[in-house]
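Curious how this folds, go ahead:
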Amino acid sequence: MTRQFGARAWLYGAVLVSLVAMACSSPSATAPAATSGPAGAATSSAVAPTRAAAAPTTAAAATAPAAGATTTTAAAPTTAAVPTTAPAATAKPATTGGSAGVIRIPITEPPQMDPGITSDSVSIEIIMHLFEGLVGQDVNGNIVPKVAEKWDISPDGLTYTFHLRDGPKWSDGKPVTAQDFEWAWKRNINPKTASDYATSLYPVKNAEKIYNQGMDPDQLGVKATDDKTLVVTLEKPAAYFLTLASTWTLMPLRRDTIEKNGDKWVEAANIITNGPYLMKEWTHDQQIVLEANPNYWGPKPQIQRAIFKIFPDGAEDQALAAYEAGELDTMGTTINIPAQQVDRVKSDPSLGYMTYDESATYFVVVNNRKEYLHDPRVRKALGMAIEREKVIKDIIKTPATPAYTLQPPGIMGRNPDLWPKEDVNGAKKLLADAGFPDGKGMPELNYAYNTNEAHKAIAEYLQQRWKDTLGINVKLSNMDWKVFLQYRHTDDWAKDGDLFRGGWFSDYEDPNNWYNLLWYSKSDPDQYNSGWQNDQYDQIVSQAAGEQDRGKREQLYGQAEKILADEYPQIPIYHYGGQTLVRPYVHGMKPSRVLAIVPLETMTVDAH
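From the prediction side, this is the model:
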């Protein structure tokens, strides 16, 4: 997902393209054994922070049953009511006499709370507490049973049979059934629904034909054979399908409330959910209140009430002021600490500064179509001239780490040792070898970025750095976020553009979400549209996407990584790291690596 800075709006850019249905080569994958522990624990290897999870989201081994199938069984619009001034340097936390089991977190107004449609991080933050899918992910990114107690995978990897457990209920007390999943998936793949992530369903048989060629949605390869059994037929084997099944687009939905209330079904008075929490209140532009769902089948969360205070876009200073005034218990993960306040809050122990990892990379997209940028030596020279530590410490002031590979930690195949490191003299030599000694003969490059102080500061640094070290002139172009998203798919970029700022946050922590979705030539036009193509790379990642053997799959993605390191199609700068503030009476605040979801289900709040 691409991310807009500020209110961390992960507008996922181009959604998961058709390569999500890439060929899988082989028989049964083992389904993971169930784990004990609180339900709904943060999926700390699949979503937001650059978490130190080295293991991708692959299923844990289980004992395989007869006939080659595998089975897993589970163990038992008004204005926001917020301060309007930035906090004073001497501000100290206020004591408010808060209750145990209640937490207050800042967010911005969620633009779309429908799990079948949404693609922004703020909405998903709430959705992941309200809804639950067939499977989930534990803190290490392993697939664990949720609504499905177990599942079987056919020897050819094409058929998944999910067996729903006894107990899951909707917030109104009705049982969750296999039909709720079937209806939701068919509704979400229907082009009339206009789901931002309909392509998450592309591995399912006929999904692409339904979405792109007008086939009847009833032809989707999903069938509830009874209330407790869901049979899914894939178009081709997909080693990452269970990971997709843990994401929001594949969660169950209640047909009756959606058909009765239309777009208003997501309002607090109408919404029916099946997760650990239910929605008690949504006063738009003011607050959303979640309460523990008494009908939830799994372990009951200790936080009984979560109050999400809504702030306007760009109101980071207001949110920080509210936190320092004792009106919030954490800054959460969807609103950033203002860059100009970072040094101050880090130096004040009473404010509870903390960092967390994110599965994400900030990079420069290069238009490989341009003759003077087509040579890998030019791209490497640009990358080798960058002082990454300086960018992190002096410009963005976030807990990021230097990136020498495009893939963040935790992605199978990643190997930063293969990539060139910072070396100005080496960069000058490569540039000269490519025919541009000291930048002579290199046209002025244009660099586009979306409006944001951090992006602007990085752009200005690159402009000056490349001039000083390589003799290359760069012209900067600042664009509104929506214009910027469209720019990369226009002729202005393809024919006349040179560079623009890029960034990607894992939708799920699997190499498919990086090697296949971003750098594969068939997906490139729908993503960053850089024009880079390597036939050998395409062949390798196509094979890897469906390879069921973990060792072989890792080897294939390792080969793909080597090609990327040699070709250097884009310029990595840093891997994101998150930072927030949390009160000492709040325990267990460890956002997930992917999506940086606040783990309400496993947190506690003391009386204060």
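
Is residue 432 in a helix, a strand, or coil?
Here residue 432 takes the helix state, with states given by DSSP: H, G, I helix; E, B strand; the rest coil.

Can you give me the buried ones in stretch 422-435?
Buried residues in stretch 422-435, defined by neighbour count with 16 or more other C-beta atoms under 10 Å: 422, 424, 427-428, 430-432, 434. Yep, even glycine has a C-beta here, placed from its N, CA and C like the rest.

can the residues you listed go into a markdown table with extra columns for distance to residue 179 and pLDDT?
Shown next, in a markdown table, are these (distance: C-beta to C-beta, whole Å; pLDDT from 0 to 100):
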| residue | distance to residue 179 | pLDDT |
| --- | --- | --- |
| 422 | 57 | 97 |
| 424 | 63 | 98 |
| 427 | 60 | 98 |
| 428 | 65 | 98 |
| 430 | 60 | 98 |
| 431 | 62 | 98 |
| 432 | 66 | 98 |
| 434 | 60 | 98 |
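
quick one: least confident helix or strand in this protein?
Lowest mean confidence among the helices and strands of the chain (mean pLDDT, DSSP states H and E): strand 70-71, at a mean of 40.

Walk me through which strands the following helix or strand past that one pairs with, and which way each runs.
Next helix or strand after strand 70-71 toward the C-terminus (DSSP states H and E): strand 102-108. Each strand paired with strand 102-108, and its direction, by DSSP bridges: strand 305-311 (parallel).

what separates the partner strand from the chain centre, distance-wise?
22 Å (C-alpha atoms, centre = their mean, to the nearest Å).

Contacts made by that strand with the rest, please.
With contact meaning C-beta atoms under 8 Å, 6 or more residues apart in numbering, strand 305-311 is reached by 80-82, 101-109, 126, 129, 277, 280, 284-292, 318-319, 322, 327-328, 335, 600.

For it, C-alpha coordinates in PDB please.
This file holds the C-alpha atoms of strand 305-311, laid out as PDB (Å, rounded to 0.1, in the frame of the first residue of the first chain):
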ATOM      1  CA  ARG A 305     -14.200   0.400  26.000                       C
ATOM      2  CA  ALA A 306     -12.100   2.100  23.400                       C
ATOM      3  CA  ILE A 307     -12.800   5.700  22.600                       C
ATOM      4  CA  PHE A 308     -11.300   6.900  19.300                       C
ATOM      5  CA  LYS A 309     -11.200  10.700  19.400                       C
ATOM      6  CA  ILE A 310     -11.400  12.100  15.900                       C
ATOM      7  CA  PHE A 311      -9.100  14.900  14.800                       C
END
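
For it, the averaged confidence score.
On average, the pLDDT along strand 305-311 is 97.

Tell me the helix or strand right after it.
That would be, after strand 305-311 and using DSSP H and E, helix 316-324.

Check which residues of the next helix-or-strand element following that next one are buried.
Counting by DSSP H and E, the element after helix 316-324 in chain order, helix or strand, is helix 342-347. Buried positions in helix 342-347, judged by neighbour count with 16+ other C-beta under 10 Å: 342, 344-346.

One more: stretch 538-554?
538, 540-548, 550, 553-554.

and the two most separated of those residues?
Of all pairs drawn from these, the greatest distance, 21.9 Å, lies between 538 and 550 (C-beta to C-beta).

separation between residue 107 and residue 390?
According to C-beta to C-beta, to the nearest Å, residue 107 stands 32 Å off from residue 390.

which of those two has more neighbours?
Higher neighbour count among residue 107 and residue 390: residue 107, with 24 against 13, using other C-beta atoms under 10 Å.

Check whether the more buried one really touches residue 121, as I assumed.
No - checked against C-beta atoms under 8 Å, the pair residue 107 and residue 121 is beyond contact range at 9.5 Å.

shared neighbours of those two, anything?
Counting by C-beta under 8 Å, 6+ apart, the common neighbours of residue 107 and residue 121 are residue 334.

got any ranges where the chain has weak pLDDT?
In the predicted model, the chain carries pLDDT under 70 at residues 1-97.

how is it carved up into domains?
With domains defined by automatic domain parsing, the chain comprises 18-262+584-605, 357-578.

Pull the distance from the first one to the chain's centre.
This points to domain 18-262+584-605. 12 Å.

State which strand of this protein is the longest.
strand 353-366 (DSSP state E).

In helices, which of the buried residues of stretch 538-554 fall?
Those of these mapping onto helices are 538, 540-544, 550, 553-554, per DSSP state H.
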